[in-house]
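Engineer: any chance you can model this:
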Amino acid sequence: MGDAQVINKYSKKGVFRRIETSIILIIVFTAIATAFTVFTVVNLQNNSKITHSLQSQSQIIARYVIRNIPNEVFGVLNEAADQDTVLFKEAQSVLNDARQIANLKYLYLIKQAKTGEYIYIVDGQDADTKDYCPTGMPVEEGLIEDVGQVLDGKVVFADKVRNTGYGAVYISYWPVFNETNSVIGAVGMEYDASNLNQLDRSSLLIGLSLCVLVVIVLSIVSISVFKSIFTPFYKKLTYLDVFTGFDNRTAFELEIKRLQLNAKSRTNVSIILLKLDKLKDVNDQFGHTRGDEHIRYAAAVINDCFSAYGKCYRISGEEFCVISLSSRQGDLQDLVNRALPAAIEAGVDNLHPAAKAHFSLACGTEHFDGVRHHSLRDVFDEADRSMNHGKKAFF
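Structural biologist: Next up, the predicted model:
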């Protein structure tokens, strides 16, 4: 991988773009999860309300039917021939009126015959209706489980809309008791659920559309807020040495690579390395609190002396670096030889009395030379050797 590719992959923009993309994806996925969770909850609540409304209505209808139809119906009516009786016709009239008023698809009476099978005894529809169920007709196999429960004395509500051979229906059954509180039959009612299905599909489509819209809006707003508030902070934090306020080693390495690719800028580069070469002694003898004071004081001095001429970095625990593009080499050398020692001495008394004697800041400098240096790494190495071998230290 060439230097240009390295810069593209590891540049500040490249590194942060990957972080930013990851966070944006998290925001989008969170928005999607939130929107669909809300949609699911609302949809369940709406379905629950519809179901509760149907159950309440079916209870009113069942009470009306039980109150207006005599119990004799369940004992006398057993076969198709019984449909000619006055008792049947009166019961059918009550059911038909209630069915039309309540807008039911089907309303009927059922019981268990002496043979043990479940049969219809009165259908609330006219006899010439194509799906009319005559007296004595066995209950369809798909309804037997529910009918068995209601004839055991339980009120039965369908847990969902059922798609049958005669259409989509919502079913409920209510037991009918005699004077001794024994179950003698049941009232069955079926609501036409085709409209409910259509409404459910329409609600689902509208809900999903709203979810998509919410996801888009929420994502745009969240990403905008993130970019306007958090992006600058995280960009700075990624390359910041929080302790001193200088840029960190990562920022330093990226800047070196960037300058290395720019031949014009490279010719003006000067590197100044500075090191607290007695920091370990300070930490060992006086504790890390005093060592931290030395680091902060060194950073303040370096910033005062060099920030106008270049960028300051903290590249390790005790090492600092200044990259300068200034063409005024004499000014930089004057800073190193005169201004830096003077600045150190002016404020060193603010350090801990016992620890200040151990404050020592070694310094090495090097300017890019196209003959001696093949790269800025060579300049850095020369400055490092100058700092370590020359041991030009200030205090």
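Engineer: what about the helices in the stretch 151-300 of the chain?
Structural biologist: Assigned by DSSP state H, counting those that start in this stretch, the helices in the stretch 151-300 of the chain fall at 194-225, 231-238, 249-260, 263-266, 279-286, 288-306.
Engineer: quick one: closest of these to residue 144.
Structural biologist: helix 194-225 (23.8 Å; CB to CB). Every residue, glycine included, has its C-beta placed from N, CA and C.
Engineer: ok, which of the helices of the stretch 151-300 of the chain comes nearest residue 74?
Structural biologist: So among the helices of the stretch 151-300 of the chain, helix 194-225 is nearest, using CB to CB, at 30.9 Å.
Engineer: okay, angle between the lengthiest helix in the chain and helix 249-260 too, please.
Structural biologist: Assignment by DSSP state H gives helix 12-68 as the longest helix of the chain. Angular relation of helix 12-68 and helix 249-260 on a 0 to 180 degree scale: 130 degrees, by axes from the mean of the first three to the mean of the last three CA atoms, to 10 degrees.
Engineer: for helix 12-68, name the packing helices and strands.
Structural biologist: Judged by 3 or more CB pairs under 8 Å, 6 or more residues apart in numbering; DSSP states H and E, the packing partners of helix 12-68 are helix 86-101, strand 106-112, strand 156-157, strand 167-177, strand 183-192, helix 194-225, helix 231-238.
Engineer: distance of the residue nearest to residue 354 when sequence neighbours are not counted from residue 96?
Structural biologist: The shortest distance from residue 354 to any non-neighbouring residue, by CB to CB, 6 or more residues apart in numbering, is to residue 286 (6.5 Å). For residue 286, the distance to residue 96 (CB to CB, to the nearest Å) stands at 102 Å.
Engineer: check residue 349 too.
Structural biologist: 108 Å.
Engineer: for residue 119, same thing?
Structural biologist: 19 Å.
Engineer: neighbour-wise, which of these two wins?
Structural biologist: residue 119 (22 against 16; other CB atoms under 10 Å).
Engineer: across the sheet, point out what pairs with the more buried one.
Structural biologist: With DSSP bridges as the criterion, residue 119 is bridged to residue 111, residue 138.
Engineer: picking that back up, and the helices and strands packed on helix 12-68 as JSON lines, adding mean pLDDT?
Structural biologist: Output for those, formatted as JSON lines (pLDDT from 0 to 100):
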{"stretch": "helix 86-101", "mean pLDDT": "93"}
{"stretch": "strand 106-112", "mean pLDDT": "95"}
{"stretch": "strand 156-157", "mean pLDDT": "88"}
{"stretch": "strand 167-177", "mean pLDDT": "87"}
{"stretch": "strand 183-192", "mean pLDDT": "92"}
{"stretch": "helix 194-225", "mean pLDDT": "70"}
{"stretch": "helix 231-238", "mean pLDDT": "71"}
